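Asks: when you get a sec, could you give me coordinates for this:
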Amino acid sequence: MARSGLLGKKLGMTQIYNESGQCIPVTVLQVGPCTVVQKKTAESDGYSAVQIGFGEIPERKVNKPKTGHFAKASVKPYRHLKEITVIDDATYSVGQQLGISLVEVGDKVDVIGISKGKGFQGVVKRHGFAGGPKSHGSHFHRVPGSIGQCTSPGEVHKGQKMPGRMGGDQVTVRNLKIVGVRAEENLLLARGAVPGPNDGLIFIRLNDELFEGRIKEQSVAASQAEEVVAEAVEDKVDAAPADAEAPSNEGGEE
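Replies: A predicted model of the protein is given here:
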C-alpha cells in the first residue's frame, strides 16, 4: 500500500528552457483525474485508506465482481485501482475527484513505474561486466567466469551476479522537481527521467501532510464559493418582488 499520491501515465520526454535560457530535460506526465472509489476507516477496517481509480473504461470490459464494486460507489468503471494510506479519512469522500490541482511548481515528488523489460540478458549487459580479451584465440569474451569455490564450501553464494531476466521491475525515482504544470491538459513536467515506456502507468507520490492540506483547502474554498452563490440567489429572490412592476390594466375590462 502506497502513501498519498496520484495515478497517471508517462507520455514521453522533451526539453524546455527556463528564464535564464538553460535547457532542462523533462518528462511529460499525464496525472489524473483520479476518483475515490472506496474509503476505509479505522473503525470498520482497522486503518485509514482510500482506493483511487484512474483511466475510465466501458462497462462491457469490466467483470461482474468489479461491476458491483463500482456500482456500490456509484462511479464509472476504471482500468487501474490503487489503495493509498491517508492521515485523516474524514478528508475524503467516495466519488471525490483528485487531480493535478494538488501539485504545484517547485514540489519534489517520487515517481514509481515499471521499467522496460529487456528479456534474458548476459552479465555484460545486465551487470556491466568487462568481459575477456577481444583478440583472436581467446575463448573468454562475454561469459561470467568462475561463480563458486572449490571443495570448501563447494557452493554458489546467494546473490551472485549471473545472467537472467532484466527489466520489468518496479523502480522509484525520488525527489524529481516539478518545473511545469498545465492544469487544463492534466500535464506535469518533471525534471529528469521516469521509469517505464511511453503510456506506461506511473504513481506520483507526494508528501502526506501537504497532500491532505491542499485537499482541505480546496474543500473549504469550494464550500465558501457555494455559500456565496447561495446567498446571491437568495438576495436575487428577495429583491425580485420589490423590483417587479404591477401589471397594468389599460384597455382591459373594469
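
Asks: from here on, just use CA atoms for contacts and neighbour counts.
Replies: Will do.

Asks: show me what stretch 8-21 is in contact with.
Replies: Here stretch 8-21 makes contact (Cα atoms under 8 Å, 6 or more residues apart in numbering) with 23-32, 54, 193-194, 196-204.

Asks: buried subset of these as a ChimeraX selection?
Replies: Buried members of the contacts of stretch 8-21, defined by 16 or more other Cα atoms under 10 Å, are picked up in ChimeraX with:
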select :25,26,27,28,29,30,31,32,54,194,196,197,200,201,202,203,204
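
Asks: can you tell me which of the contacts of stretch 8-21 end up in helices?
Replies: Among these, no member falls in helices (criterion: DSSP state H).

Asks: so who does Val28 touch?
Replies: Going by Cα under 8 Å, 6+ apart, Val28 touches Lys10, Leu11, Gly12, Met13, Thr14, Leu187, Leu188, Leu189, Ala190.

Asks: top of those residues by neighbour count?
Replies: Ala190 (27 neighbours; other Cα atoms under 10 Å).

Asks: surely that residue touches Val179?
Replies: Yes. Counting by Cα atoms under 8 Å, Ala190 does reach Val179; the two are 5.9 Å apart.

Asks: list residues touching both of those two?
Replies: Here Ala190 and Val179 have no joint contacts, going by Cα under 8 Å, 6+ apart.

Asks: got the contact list for Ile178?
Replies: By Cα under 8 Å, 6+ apart, Ile178 lies in contact with Glu104, Val105, Gly106, Asp107, Lys108, Val109, Leu188, Leu189, Ala190, Arg191.

Asks: please apply the same query to Gln38.
Replies: Shown in contact with Gln38 (Cα under 8 Å, 6+ apart): Val50, Gln51, Ile52, Ala73, Val94.

Asks: now it: closest residue in space that isn't a chain neighbour?
Replies: With sequence-adjacent residues excluded and distances taken as Cα to Cα, 6 or more residues apart in numbering, Gln38 is closest to Gln51, at 5.0 Å.

Asks: in what helix or strand does the one you found lie?
Replies: strand 49-56 (DSSP states H and E).

Asks: and that strand, what's buried?
Replies: For strand 49-56, burial by neighbour count (16+ other Cα under 10 Å) applies to Ala49, Val50, Gln51, Ile52, Gly53, Phe54, Gly55.

Asks: so can I have CSV of those residues showing distance to Leu6 and pLDDT?
Replies: Formatted as CSV, the buried residues of strand 49-56 follow (distance: Cα to Cα, whole Å; pLDDT from 0 to 100):
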residue, distance to Leu6, pLDDT
Ala49, 14, 91
Val50, 12, 92
Gln51, 11, 94
Ile52, 8, 94
Gly53, 9, 95
Phe54, 9, 95
Gly55, 12, 92
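
Asks: SS state for the residue most central in space within the chain?
Replies: Central residue of the chain (Cα atoms, centre = their mean): Leu7, 2.3 Å from the mean position. Secondary structure assignment for Leu7 (DSSP: H, G, I helix; E, B strand; the rest coil): strand.
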